[in-house]
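**Q** sequence? don't have it. structure:
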């Protein structure tokens with residue numbers, strides 16, 4: 001045991017848990033912790049210009065590395081600014097630890113107007129986190145951090161929030177910081193795995209539906225082996241891209257709203273193995289599973305099994321662990337009748353449909369894929385080209401395609417890409433964003449320059465909140481309110497921050513600009529003018 005301040009106990013506890021990077025913004029209630037960070041050479045502090053972007057950077061770091069992203073901010077406005085990012089992390093099952101300062105313990109609950117006071121602040125975070133807690137004693141900080149890490153590393157991975165009051169940060173006490181405890185994975189029941197193996201082996205038209213749980217568990221290799229063992233084609237959700245290589249012969253692609261291979265493949269399936277997906281009905285957009293189809297659902301969260309669809313067999317388990325067990329139970333052959341030619345016909349039909357509706361978007365996406373390495377990280381924002389990227393951008397390596405899932409968070413792409421680059425400094429990292437979304441976090445160009453992050457941001461400029469503008473044009477008789485945007489010159493704006501700025505007016509120019517940008521040693525913004533275009537969810 002050692003005598004430490006609360007700030008020192010926090011930092012020492014995080015170090016014991018393997019944390020090496022903290023994203024945040026300084027302020028009075030966390031200065032003791034920040035000073036402890038200064039005195040700890042193993043820790044890297046990344047200072048940002050807005051707390052929301054700090055949390056999104058932690059999000060990008062966590063999604064691409066599989067590690068825990070840590071954010072440190074002041075209470076009140078600082079903590080509340082992180083909520084959009086925490087909601088995104090909750091939606092995507094991403095482990096983020098938010099450490100918030102707090103007002104002095106003597107003022108808690110008094111509504112006295114203390115600096116940054118929010119009465120019962122912890123209650124704000126209950127719907128956005130898996131667990132939240134306020135620590136009231138210095139000596140309790142290590143156990144609170146350990147408990148936070150337990151929630152971050154077991155079961156369904158979601159954010160947690162920990163609060164430490166100012167006087168606890170400053171006070172000293174004898175503190176013990178024990179080593180982390182080993183944690184076990186959720187193991188499936190053997191009888192259920194054997195039942196699943198029998199169903200899949202005897203199926204004539206088996207199908208795999210893979211979601212983000214496969215990526216979160218690092219189960220892509222095992223999923224691909226199951227597919228290959230039994231000749232099972234694979235459909236993924238946007239969150240599950242990378243669960244099987246996009247160019248694999250058994251990969252049919254993504255089902256997103258009413259687009260993708262689902263219309264052709266799902267009606268033919270007799271047994272469907274659903275791994276790490278909520279199976280929310282809107283993804284099918286009218287496509288319903290038939291009573292005679294047998295659904296096997298694997299999910300680490302027991303509440304998800306059968307929530308949105310009736311299942312024949314539910315298995316509660318970490319996806320990778322369940323798939324490994326399934327592999328051991330499977331024979332070397334199956335009754336699958338899928339033929340390579342018919343799978344190729346489905347892929348061709350999907351591509352032809354997309355080409356007819358979104359030719360410019362697909363052309364841009366082909367250029368981007370061509371210029372990037374296999375393991376390059378792409379962060380598709382809430383913008384038109386990125387929507388079509390869910391369907392048309394092949395992902396070849398897991399953890400290289402980061403959506404905001406059902407939260408559809410406008411403005412998340414650029415700061416998320418910065419966090420991804422910090423976690424993967426040797427990889428190419430590209431953000432796809434619209435002009436509306438980019439302006440949410442444009443100030444972080446300063447952070448990108450300061451931290452020397454060669455992130456390439458492609459800004460598609462239609463001078464509008466494009467999806468909403470198209471909605472007004474199509475459904476509201478052209479009554480335009482609030483959807484037109486005035487923009488800066490993004491090229492000159494990037495240069496003003498010390499970044500590189502380029503304009504590309506065609507797919508060919510984008511290819512050249514992207515090639516140049518990837519060779520730079522500083523951040524680059526590529527401005528790409530585009531017309532207002534239709535999105536997948538608007539084309540029914």
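**A** Sure, I can see it. Just so you know, these numbers come straight off a predicted model, no measurement behind them.
**Q** just checking, what packs against the helix or strand containing residue 64?
**A** Residue 64 belongs to helix 51-65 when elements are defined using DSSP states H and E. With contacts defined as 3 or more C-beta pairs under 8 Å, 6 or more residues apart in numbering; DSSP states H and E, helix 51-65 has these neighbours: strand 21-24, strand 69-73, helix 77-81, helix 83-91, strand 96-102, helix 413-423. Every C-beta, even on glycine, is put in place using the N, C-alpha and C of the backbone.
**Q** just how off-centre is it within its chain?
**A** Helix 51-65 sits 9 Å away from the centroid of its parent chain (C-alpha atoms, centre = their mean, to the nearest Å).
**Q** also stretch 14-32?
**A** Distance, centroid of stretch 14-32 to centroid of chain: 22 Å (C-alpha atoms, centre = their mean).
**Q** okay, buried residues for it please.
**A** 14, 16-17, 19, 21-25, 27, 29-32 (16 or more other C-beta atoms under 10 Å).
**Q** if I pick residue 335, what's in contact with it?
**A** 201, 202, 203, 204 (C-beta atoms under 8 Å, 6 or more residues apart in numbering).
**Q** let's see if you can find the most crowded of the residues you listed.
**A** residue 203 (22 neighbours; other C-beta atoms under 10 Å).
**Q** which residues does it contact?
**A** 230, 270, 271, 294, 334, 335, 336.
**Q** swap in 7 Å and give it another go.
**A** 270, 271, 335, 336 (C-beta atoms under 7 Å, 6 or more residues apart in numbering).
**Q** and the pLDDT for it?
**A** Residue 203 carries a pLDDT value of 97.
**Q** residue 294 versus that one, what's the distance?
**A** Between residue 203 and residue 294 the computed distance is 8 Å (C-beta to C-beta, to the nearest Å).
**Q** mutual contacts of these two, please.
**A** Counting by C-beta under 7 Å, 6+ apart, the residues touching both residue 203 and residue 294 are 270, 271.
**Q** how about the strands of the stretch 151-300 of the chain, start to end?
**A** 160-165, 172-175, 206-210, 234-236, 251-254, 271-275, 294-299 (DSSP state E, counting those that start in this stretch).
**Q** to residue 404, which of the ones you listed lies closest?
**A** strand 251-254 (15.4 Å; C-beta to C-beta).
**Q** what strands line up against that closest one, and which way round?
**A** strand 234-236 (parallel) (DSSP bridges).
**Q** so can I have TSV of the helices and strands packed on helix 51-65 showing distance to residue 176 and mean pLDDT?
**A** Shown next, in TSV, are the helices and strands packed on helix 51-65 (distance: least, C-beta to C-beta, whole Å; pLDDT from 0 to 100):
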stretch	distance to residue 176	mean pLDDT
strand 21-24	22	98
strand 69-73	21	98
helix 77-81	28	98
helix 83-91	30	98
strand 96-102	20	97
helix 413-423	30	98
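**Q** format those as a markdown table; extra columns: distance to residue 129.
**A** Output for the helices and strands packed on helix 51-65, formatted as a markdown table (distance: least, C-beta to C-beta, whole Å):
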| stretch | distance to residue 129 |
| --- | --- |
| strand 21-24 | 17 |
| strand 69-73 | 12 |
| helix 77-81 | 12 |
| helix 83-91 | 7 |
| strand 96-102 | 8 |
| helix 413-423 | 19 |
